[in-house]
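S.K.: Take a look and give me a structure for this.
(2 chains)
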Amino acid sequence: MFYSIKQEFYKLRHKKIAWIAPIILLVLMILAGYALNCEEHKLLLVLCFDAPDWIMLILVVIGTTTFSMEFQNNAILTLLYKATNKVYVYLSKYIVLFLYDVFLHLLALVYTFCLHYTLFRTSAVWTMTYLYSQSIWENMLTAFMVDLVTTMLIITLVFLLSCLINNNAIVVTLSFLLVFMGQTISSNLLNSNKFVNVMKWNPLNMLNLTRQFGNYSMYVETTHLNNNQILIGSMFYIIIFFVLGYLIFRKKRY
Amino acid sequence: MNQVNERILEVSNVNTYIGKSKIIKNISLKIKTGEIVGLIGPNGAGKTTIMKTILGLTKFTGSITVGKRPITETSHRALARVGALIEHPAIYPFLTGRQNLELYARDKRDLTQLVSTLQMDSYINNKAKGYSLGMKQKLGIAIALLNHPQLVILDEPMNGLDIEATIGVRKLIKRYADQGTAFLISSHILSELQKIMTQVVLITSGKIIVNQPIEEFNKTSKQKYKVLTEDNNRAMSLLQKEKIPFILKNNFLVIDQKKHFCYSGSTFEK
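M.R.: Next up is the predicted model:
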């Protein structure tokens, strides 16, 4: 297992995209800072200048190539026979991508502090009470943890699609559609008013976790679930998608 | 170094399935330390499938042990000291040749030695995306030979290699075998491995039809080469010049197997 993780780190470390992504993240955070007005500066701090959305974007791109590069380069056979168990190959990829996800989130926190004291200086103070009767910095840390759950769900979804579909372009397109249009698809499903009690538990609704945390009153109308319910739903789908993805990966012919 | 004559690989009554169809039919095979076993058969005979099965990459029945430890589809613990090159070399184009080797190497001294033996020094620090087929093949072979394996499985290793590289790879295989490494090497061309293999396994339609030491095979085999060339007149004049007896039958040149034959651009089947 340790050997597989070490190999995955080595590959990620040598991929250009892994080093370019933090720069892209910073640029997109600056753009978000300029795009939104001062009234929303507190929310910008809590959501790290919209970093969750940009991190999702980066994870979809890196996540899909994680598997496709193995198939395209015929390296999957070597990976599989060298690993003592197939599950280690799948798990090590997941762990490494998750750790990269944590790294991006930590970087987003650092960027937020830097941007707050340089380009976007406002009257907002970290100790100021904001959402859920908590201070801005507490909100920001909670949003950090909440978004880790959302991104874990995204990684499992991307891995599942990568194992299901052999064409990388289709996986990328489909992942982007689900991650960024998922909210619209889900709200359309829930607008029909039929089976709302069942449909509100659809996996796409769970992708609203971070957004709802940052803007509860607006999103709860769409999701029909409170924060805790979405959190539990997300955890449930992370397990389901992970197991399903692994089973497909195991049964796949190489 | 491995113990002399220690049994490294034992394949007993193995059947391999792809979907519901049986691809490999009841094969048994044993390889000892230092042996070079040539798995010879036409395209589609099941050579790659046998190799994948040994590496625990397919669904199978029967038993496979490497160093007396069993291999299953899900557990590959016994493969810790097995190197392999299956189908195409497993190379990441965004890494250099050296980084591709480092990804799998436990000992970097071993890596440097392999690079120099396979004469890859001039391009090993370049990104693998610019490699030719032969360069990739050499790198794939080097990956299989890393970490002092007790068994090496090579699927058509001479593909894409020029004559000089082929001779170099043959020498390298022989050297490793002399140190105790066992080899299972597939090819659809018998002559490619004839000079180095100690055991020949002929396979067709998923069944082993011959499994014997190469000396025995050479003695008993009275078959002839049936050669199809692009230019029979030129081939015949070359054979006459070399004083190699032949007959022309149904547009094929039939040549005694014992005679050495090499004609660029021709294809042949035995």
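S.K.: need the strands for chain B, in chain order.
M.R.: For chain B, the strands defined by DSSP state E cover B:7-18, B:21-32, B:36-40, B:59-66, B:69-70, B:82-85, B:151-155, B:182-187, B:199-204, B:207-213, B:224-228, B:246-249, B:252-256, B:267-269.
S.K.: CSV for the ones you listed, including distance to chain A, mean pLDDT and mean neighbour count?
M.R.: Using the backbone N, CA and C atoms, a C-beta is placed for each residue, glycine as well. Converted to CSV, those look like this (distance: least, CB to the nearest CB, whole Å; pLDDT from 0 to 100; neighbours: other CB atoms under 10 Å in any protein chain shown):
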stretch, distance to chain A, mean pLDDT, mean neighbour count
strand B:7-18, 7, 90, 18
strand B:21-32, 11, 90, 17
strand B:36-40, 17, 91, 25
strand B:59-66, 9, 91, 18
strand B:69-70, 11, 90, 13
strand B:82-85, 6, 92, 26
strand B:151-155, 9, 94, 24
strand B:182-187, 13, 92, 26
strand B:199-204, 20, 88, 21
strand B:207-213, 22, 87, 15
strand B:224-228, 31, 75, 16
strand B:246-249, 41, 80, 12
strand B:252-256, 36, 78, 18
strand B:267-269, 26, 39, 13
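S.K.: A:Trp137 is nearest to which of these?
M.R.: The closest of these to A:Trp137 is strand B:82-85. By CB to CB, the value is 53.1 Å.
S.K.: Please write out the alpha-carbon positions of the closest one in CSV.
M.R.: The C-alpha atoms that make up strand B:82-85 are tabulated as CSV, following Å, rounded to 0.1, in the frame of the first residue of the first chain:
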residue,chain,number,x,y,z
VAL,B,82,8.6,-10.7,-10.6
GLY,B,83,9.3,-8.3,-13.4
ALA,B,84,7.2,-8.1,-16.6
LEU,B,85,6.7,-6.4,-19.9
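S.K.: First-to-last residue distance for stretch B:97-116?
M.R.: End-to-end distance for stretch B:97-116, by CA to CA, to the nearest Å: 13 Å.
S.K.: Okay, buried residues for it please.
M.R.: By neighbour count on 16 or more other CB atoms under 10 Å in any protein chain shown, the buried set for stretch B:97-116 is B:97-101, B:103-105, B:110-111, B:114-115.
S.K.: Return only those of these found close to chain A.
M.R.: B:99, B:103-104 (CB under 8 Å from any CB of the partner chain).
S.K.: Out of those residues, which sit inside helices?
M.R.: Using DSSP state H, the members of these that fall within helices are B:99, B:103-104.
S.K.: can you redo those residues as JSON lines with distance to B:Val254?
M.R.: As requested, those are arranged in JSON lines below (distance: CB to CB, whole Å):
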{"residue": "B:Gln99", "distance to B:Val254": "50"}
{"residue": "B:Leu103", "distance to B:Val254": "49"}
{"residue": "B:Tyr104", "distance to B:Val254": "46"}
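S.K.: Turn those residues into CSV, including distance to A:Tyr130 and pLDDT.
M.R.: Shown next, in CSV, are those (distance: CB to CB, whole Å; pLDDT from 0 to 100):
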residue, distance to A:Tyr130, pLDDT
B:Gln99, 47, 94
B:Leu103, 47, 90
B:Tyr104, 51, 88
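S.K.: what are the phi and psi angles of A:Asn73?
M.R.: In terms of degrees, to the nearest 10, the main-chain angles of A:Asn73 are phi -100, psi 10.
S.K.: Counting neighbours, what do you get for it?
M.R.: Neighbour count for A:Asn73, taken as other CB atoms under 10 Å in any protein chain shown: 19.
S.K.: quick one, what contacts it?
M.R.: By CB atoms under 8 Å, 6 or more residues apart in numbering or on different chains, the contact list for A:Asn73 reads B:90-93.
S.K.: just A:Leu164 next, same as before
M.R.: Counting by CB under 8 Å, 6+ apart, A:Leu164 makes contact with A:Ile248.
S.K.: cool, and A:Ile17?
M.R.: Residues in contact with A:Ile17 (CB under 8 Å, 6+ apart) are A:61-62, A:65.
S.K.: Mark which of those residues are buried, thanks.
M.R.: Burial of the contacts of A:Ile17 was assessed by neighbour count (16+ other CB under 10 Å); the buried members are A:61-62, A:65.
S.K.: Sort out for me which of the residues you listed are in helices.
M.R.: Mapping the buried ones among the contacts of A:Ile17 onto helices (DSSP H) picks out A:61-62, A:65.
S.K.: Could you export those residues as a markdown table, including pLDDT?
M.R.: Listed next are those as a markdown table, based on pLDDT from 0 to 100:
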| residue | pLDDT |
| --- | --- |
| A:Val61 | 91 |
| A:Ile62 | 92 |
| A:Thr65 | 88 |
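S.K.: can you list these in CSV and add distance to A:Phe120?
M.R.: Below are these laid out as CSV (distance: CB to CB, whole Å):
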residue, distance to A:Phe120
A:Val61, 27
A:Ile62, 28
A:Thr65, 33
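S.K.: nearest to chain B, of these?
M.R.: Within these, the smallest distance to chain B is 10.0 Å, found for A:Thr65 (CB to the nearest CB).
S.K.: contacting residues for the closest one?
M.R.: Neighbour list for A:Thr65: A:15, A:17, A:168 [criterion: CB under 8 Å, 6+ apart].
S.K.: Not counting sequence-adjacent ones, nearest residue to the first one?
M.R.: Distances taken as CB to CB, 6 or more residues apart in numbering or on different chains put B:Phe94 closest to A:Lys15, at 6.1 Å, once the chain neighbours are dropped.
S.K.: What's the per-residue pLDDT of the one you found here?
M.R.: We have a pLDDT of 93 for B:Phe94.
S.K.: For B:Ile124, see how far away it is.
M.R.: B:Phe94 is 15 Å from B:Ile124, where distance means CB to CB, to the nearest Å.
S.K.: out of the two, which sits in the more crowded spot?
M.R.: Per other CB under 10 Å, whichever of B:Phe94 and B:Ile124 has more neighbours is B:Ile124, with 24 against 17.
S.K.: Would you mind measuring from that one to B:Leu95?
M.R.: For B:Ile124, the distance to B:Leu95 (CB to CB) stands at 11 Å.
S.K.: Test my guess that B:Val169 contacts B:Lys138.
M.R.: Yes: contact between B:Val169 and B:Lys138 holds when scored by CB atoms under 8 Å: they sit 7.5 Å apart.
S.K.: Any chance you could list residues touching both of these two?
M.R.: In contact with both B:Val169 and B:Lys138: B:118, B:161, using CB under 8 Å, 6+ apart.
S.K.: who has more neighbours, these two?
M.R.: Neighbours were counted for B:Val169 and for B:Lys138 using other CB under 10 Å; B:Lys138 has more, 28 against 22.
S.K.: what residues are up against the residue lying closest to that one once chain neighbours are set aside?
M.R.: The shortest distance from B:Lys138 to any residue other than its chain neighbours is 5.0 Å, reached at B:Leu118 (CB to CB, 6+ apart). For B:Leu118, the contacting residues are B:138, B:141-142, B:168-169, B:172, by CB under 8 Å, 6+ apart.
S.K.: State the distance from B:Leu118 to chain A.
M.R.: B:Leu118 sits 18 Å away from chain A, taking CB to the nearest CB, to the nearest Å as the criterion.
S.K.: mind checking pLDDT for that residue?
M.R.: Predicted confidence (pLDDT) for B:Leu118: 85.
S.K.: Kindly report the residues of the stretch 101-250 of chain A close to chain B.
M.R.: Contact residues, the stretch 101-250 of chain A versus chain B (CB under 8 Å from any CB): A:Arg250.
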